[in-house]
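S.K.: show me how the following folds:
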Amino acid sequence: MNMIGNLLFLTLLGGVERPSQQVGDLIARPGVDGLGIWRTGIRGRPFQLRSMVDVPDLAAGRMFFAAYRLLMGGALQILIQDGYNFFAAEGFNVAVLDVQLQQLKTIKTAVGGFNPPSNAKLVCEWTLVAVAIP
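M.R.: Residues are numbered from 1 along each chain as shown. Down below sits the predicted model:
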């Protein structure tokens, strides 16, 4: 199972960037050996995932994409990739920063899928950032 929020995908490809300690400027003083590191806190960095889902036709694909765009800048969303629930396992959800249409095309032979009659496929590039939930 692959999901962003309540949206279901056949595939959700890419690596997830978990919240981690970020560092700012390196601190070096003349005449002092070594280097200091300025820690700026634990937070996520933007990362990208590529989604693919079947859609009934091209018009439905455009409607799905419009719904995806509504998530941008909104509430945090649950992320499940290949059945792994990042909130349940690691305590973070994601904010949707951007969604770009990569491909929307008619397909001739489709078996299965989530949105029959599966006459087209929609591929999008998502830019997300992980936000730890205390």
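S.K.: pretty sure Q81 contacts F47?
M.R.: No - contact criterion C-beta atoms under 8 Å: Q81 and F47 do not qualify, at 11.4 Å. For the C-beta atoms, the positions are set from N, CA and C on the backbone; glycine is no exception.
S.K.: list residues touching both of these two?
M.R.: Counting by C-beta atoms under 8 Å, 6 or more residues apart in numbering, the shared contacts of Q81 and F47 are V16.
S.K.: biggest helix in this protein by residues?
M.R.: helix 58-69 (DSSP state H).
S.K.: what's the average pLDDT for it?
M.R.: Helix 58-69 comes out with an average pLDDT of 97.
S.K.: beyond it, next helix or strand please.
M.R.: Downstream of helix 58-69, the first helix or strand assigned by DSSP states H and E is strand 79-81.
S.K.: for that following strand, name the packing helices and strands.
M.R.: For strand 79-81, the elements it packs on are strand 2-4, helix 86-90, judged by 3 or more C-beta pairs under 8 Å, 6 or more residues apart in numbering; DSSP states H and E.
S.K.: make it 6 Å
M.R.: strand 2-4 (3 or more C-beta pairs under 6 Å, 6 or more residues apart in numbering; DSSP states H and E).
S.K.: contacts for stretch 93-109, please.
M.R.: Residues from elsewhere that reach stretch 93-109, judged by C-beta atoms under 6 Å, 6 or more residues apart in numbering: 46, 61, 65, 68-69, 71-72, 76-79, 87, 120-131, 133.
S.K.: which SS class is the residue of the chain positioned farthest from its centre?
M.R.: Most distant from the centre of the chain: G31, at 45.8 Å, with distances by C-alpha atoms, centre = their mean. Following DSSP: H, G, I helix; E, B strand; the rest coil, the label given to G31 is coil.
S.K.: longest strand anywhere in the chain?
M.R.: strand 92-106 (DSSP state E).
S.K.: strand partners (parallel or antiparallel) of the next helix or strand after that strand?
M.R.: Moving toward the C-terminus from strand 92-106, the next helix or strand (DSSP H and E) is strand 120-132. For strand 120-132, the paired strands and their directions (DSSP bridges) read strand 47-55 (antiparallel), strand 92-106 (antiparallel).
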